[in-house]
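Asker: below are the sequence and a predicted model; questions follow.
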Amino acid sequence: MEARLRSQDFWAGLAFILFSLCGYWFGRKLNVGTPSDMGAGFFPRMLSIALGIIGVIVMAKGLLGKSEEVEQIHLRPFLVLVAFVSFALLLPILGLIAAIPAMTVVGSLARREAMRPVEIVILSAALTAFAWFVFVVLFSMPMRLLGS
Amino acid sequence: MGVLDNLLFGFSVALSLDNLLYCLVGALLGTVIGVLPGLGPAATIAILLPITFNLPPAGAMIMLAGIYYGAQYGGSTTSILVNLPGEASSVVTCLDGNKMARNGRAGQALAVAAVGSLFAGIVGTLFIALFAPPLSQAALSFGPAEYFSLMLLGLMAAVVLANGSLIKAIGMIVLGLLLGCVGTDVNSGEHRYSFGLFELLDGIDFIVIAMGIFALAEIMRNLETEQVGEVIHQKVTSFMPTREEFRASVGAVLRGTTLGSVLGVLPGAGAVISSFSAYAFEKQISKHPEKFGTGVIEGVAAPEAANNACAQTSFIPLLTLGIPGGAVTAMMLGALTIQGISPGPQVMTSNPDVFWGLIASMFIGNILLVILNLPLIGIWIRLLSLPYRLLFPAIMLFCAIGAYGLSNSTFNLYLMVGAGFVGYFLLKFGCEPAPLLLGFILGPMMEEYLRRTLLMSQGDAMVFIQRPLSLTMLLIAAGLLLMMMLPWFRNRRELLKEDV
């Protein structure tokens, strides 16, 4: 049973089932209508049900048949996502000059081997300067270098 | 002849200074991302798409197309010199290309790859020029039922011919279709899956999903398994092949081009499957199959020609029918829609400058690429030594600014992170991301065609099989599915994967 729980298909099927449940649940109040007069909820409900069926099949394949195992999930790479979140948080408050270095620093931590601090500093500075020049000056995007 | 006139018109559009520049930029960018492992055309196009909104439609398409087929050229460089595929479609080229490089024949491998790709690109483009107009004509008589069935066929073809588990890929399509429902229903005005957030009332921007599942999840995967390839440091001096090499490669290029051109038209058959199939085919018909893998020039010529021919002809379904065949063309579909052009058979007549300008620019682009790839090879070799750790922060920056710039709000950034999160896990679970994007982009259209069909037939679903064209398409789709379930085809698919 333990090996089964590592199977890719098991988890893929589970993910599909979860999505299908969400799709059905959050669309339950939509007007489904009839085939000849499809309402807003018709297509989503059909899809949710189909996804659920597919999810069950895939999950069954994972439990009963042979399927590849899920590779080791590493936590470090998730820092990439954290880096983007820090960019999103800091940009409106402190501007590019804080957001880009923060993203670069956190992103550099996502790497298995640590990066040299010198590289990180130069990279942050270069990227901030580049972004300011190209996106703010040339493209006139509404972002502030400093401040909100 | 009509085609010649149209092509001349196309050249007049493509040779304007602006469009030449866009073509050059696209080809250059394509080569760069092709050379650099860890960044693919799908992710790049997702990132650059917002910038193209300010460009005129013809220019935007020219540039984006340049990136796509340019990446096929660049990918071969890395495969040959570093034994790391720069692009998924260049994986097969590693097999013999890198061996040739180790035998001191790197220049010959690169030359054959580039020239073969040029030939294939020109043939592929001619293919489009000749077959697109009649196809568009035929498609003008399509009704909503035909369009729905065609999109269904396209989605089925996309998963059948792609890698990975069939049922999971279908699941990804359905998930993509479901995600496409987020937003305001056009007909009734009801809010679907908006969770009370006004930012979701217009639906999720496909660029956010594309960046999340292609770029972000890819960066995460790449950081997990940072591969280091050793670059061949010997100087690439001569490019001229020997007579035997030349003769062998001519046949291989012709065969690869044919295979790639045909496969490219089929929605879903991408550059990857074309190059794999071409290599496998060459090996099958070769008089010395055991030599494959030791540095045989056909092993480079055929897949490289195939992947470039395929990249060109994959525009046919998009330009004639408005059906995308893969992630890249799906995003171009989105780009066209945002530019105010509804893709379909009428594009040829309503926006001839986009249609013919794009085709003409492909000729120009391919020539530019040979110039970029061969004489400038030294630059690319130096670029290859650029370590990924310096590169990925830059990629992150482009993604971040790109996502922010879509609506000048950080909301899309958070959405992108969510998409990346989900995308990473789905990748780990062996689910292909491209079908999700395809389903996402086609979803709203399919719903609309379904609704219209059923409205006109008053709820009778039989209409899909009563109309002959629609029936044909559905039968082909069912046939493809059945084919994939037959053990004979299953084994061939597995064999192709194992070869690498």
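Answerer: The structure has been received and is ready for your questions.

Asker: hey, let's count contacts and neighbours off CA atoms from now on
Answerer: OK.

Asker: in chain B, what residue lies closest to chain A?
Answerer: Nearest to chain A, among the residues of chain B, is B:G459, at 3.6 Å (CA to the nearest CA).

Asker: that residue - how many residues pack around it?
Answerer: 17 (other CA atoms under 10 Å in any protein chain shown).

Asker: next one: B:E244
Answerer: Neighbour tally, B:E244, other CA under 10 Å: 9.

Asker: ok, for the residue lying farthest from the centre of chain A, nearest residue in space, not its chain neighbours?
Answerer: What lies farthest from the middle of chain A is A:S36; by CA atoms, centre = their mean that is 37.1 Å. The spatial neighbour of A:S36 that comes closest, neighbours along the chain excluded (CA to CA, 6 or more residues apart in numbering or on different chains), is B:G459 at 3.6 Å.

Asker: how about the residues of the stretch 301-450 of chain B by chain A?
Answerer: B:389-390, B:393-394, B:396-397, B:400, B:405, B:408, B:410, B:413-414, B:417, B:420-421, B:426, B:428-431, B:447 (CA under 8 Å from any CA of the partner chain).

Asker: so which of those residues sit within helices?
Answerer: Within these, residues falling in helices by DSSP state H are B:389-390, B:393-394, B:396-397, B:400, B:405, B:413-414, B:417, B:420-421, B:426, B:428, B:447.

Asker: show the buried residues in these.
Answerer: Buried subset of those (neighbour count, 16 or more other CA atoms under 10 Å in any protein chain shown): B:389, B:393-394, B:396-397, B:400, B:405, B:413-414, B:417, B:420-421, B:426, B:428, B:447.

Asker: contact partners for B:S249?
Answerer: Neighbour list for B:S249: B:V112, B:I297, B:E298, B:A301, B:A302 [criterion: CA atoms under 8 Å, 6 or more residues apart in numbering or on different chains].

Asker: now do the SS call for it.
Answerer: Using DSSP: H, G, I helix; E, B strand; the rest coil, the structure places B:S249 in helix.

Asker: and it, what pLDDT?
Answerer: Looking at B:S249, its pLDDT reads 87.

Asker: these two touch, right, the residue farthest from the centre of chain A and B:V463?
Answerer: No: judged on CA atoms under 8 Å, A:S36 makes no contact with B:V463 at a distance of 12.0 Å.

Asker: between these two, which contacts overlap?
Answerer: With CA under 8 Å, 6+ apart, A:S36 and B:V463 have common neighbours B:S457.

Asker: C-terminal to the single longest helix found in chain A, what's the next element?
Answerer: Identified as the longest helix of chain A according to DSSP H is helix A:42-64. For helix A:42-64, the succeeding helix or strand toward the C-terminus, using DSSP states H and E, is helix A:78-94.

Asker: which stretches of chain A have low pLDDT?
Answerer: A:1-4, A:148 (pLDDT under 70).

Asker: change it to 80
Answerer: Counting by pLDDT under 80, chain A contains low-confidence ranges at A:1-6, A:65-68, A:138-141, A:147-148.

Asker: tell me where the model's unsure across the stretch 251-400 of chain B.
Answerer: B:266-273, B:325, B:378, B:381-386.

Asker: and the helices in it?
Answerer: B:271-285, B:298-313, B:315-316, B:327-338, B:347-350, B:352-373, B:377-384, B:388-407 (DSSP state H, counting those that start in this stretch).

Asker: only alpha carbons, please: show the fourth one as CSV.
Answerer: Put plainly, it is helix B:327-338. Below are the C-alpha coordinates for helix B:327-338, written out as CSV (Å, rounded to 0.1, in the frame of the first residue of the first chain):
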residue,chain,number,x,y,z
ALA,B,327,0.8,25.8,-26.4
VAL,B,328,2.6,28.2,-28.7
THR,B,329,-0.1,28.6,-31.3
ALA,B,330,-2.7,28.7,-28.6
MET,B,331,-1.0,31.8,-27.2
MET,B,332,-0.8,33.3,-30.6
LEU,B,333,-4.5,32.7,-30.9
GLY,B,334,-5.0,34.6,-27.7
ALA,B,335,-2.7,37.4,-29.0
LEU,B,336,-4.7,37.7,-32.2
THR,B,337,-7.9,37.9,-30.2
ILE,B,338,-6.6,40.6,-28.0
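
Asker: so what does it touch, helix or strand wise?
Answerer: helix B:41-52, helix B:57-82, helix B:206-210, helix B:434-456 (3 or more CA pairs under 8 Å, 6 or more residues apart in numbering or on different chains; DSSP states H and E).

Asker: same thing but 10 Å
Answerer: helix B:41-52, helix B:57-82, helix B:206-210, helix B:315-316, helix B:434-456 (3 or more CA pairs under 10 Å, 6 or more residues apart in numbering or on different chains; DSSP states H and E).

Asker: how about whichever helix or strand comes after the last one: buried residues?
Answerer: Meaning helix B:434-456. Going down the chain from helix B:434-456, the next helix or strand is helix B:463-466, by DSSP H and E. Across helix B:463-466, burial judged by 16+ other CA under 10 Å covers B:V463, B:F464, B:I465.

Asker: can I get those in a markdown table including pLDDT and distance to A:D9?
Answerer: Output for the buried residues of helix B:463-466, formatted as a markdown table (pLDDT from 0 to 100; distance: CA to CA, whole Å):
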| residue | pLDDT | distance to A:D9 |
| --- | --- | --- |
| B:V463 | 86 | 36 |
| B:F464 | 86 | 33 |
| B:I465 | 84 | 34 |
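
Asker: OK, contacts around the residue of chain B closest to chain A?
Answerer: Going by CA atoms under 10 Å, 6 or more residues apart in numbering or on different chains, B:G459 touches A:T34, A:P35, A:S36, A:D37, A:M38, B:R451, B:R452, B:T453.

Asker: how about B:G293?
Answerer: B:G293 touches B:V92, B:T93, B:C94, B:L95, B:D96, B:G97, B:N98, B:K99, B:M100, B:K283, B:G299, B:D499, counting by CA under 10 Å, 6+ apart.

Asker: list the contacts for whatever residue of chain A ends up closest to chain B?
Answerer: Taking CA to the nearest CA as the measure, the point where chain A comes nearest chain B is A:S36, at 3.6 Å. By CA under 10 Å, 6+ apart, A:S36 lies in contact with B:L450, B:R451, B:R452, B:T453, B:L454, B:L455, B:M456, B:S457, B:Q458, B:G459, B:D460, B:A461.
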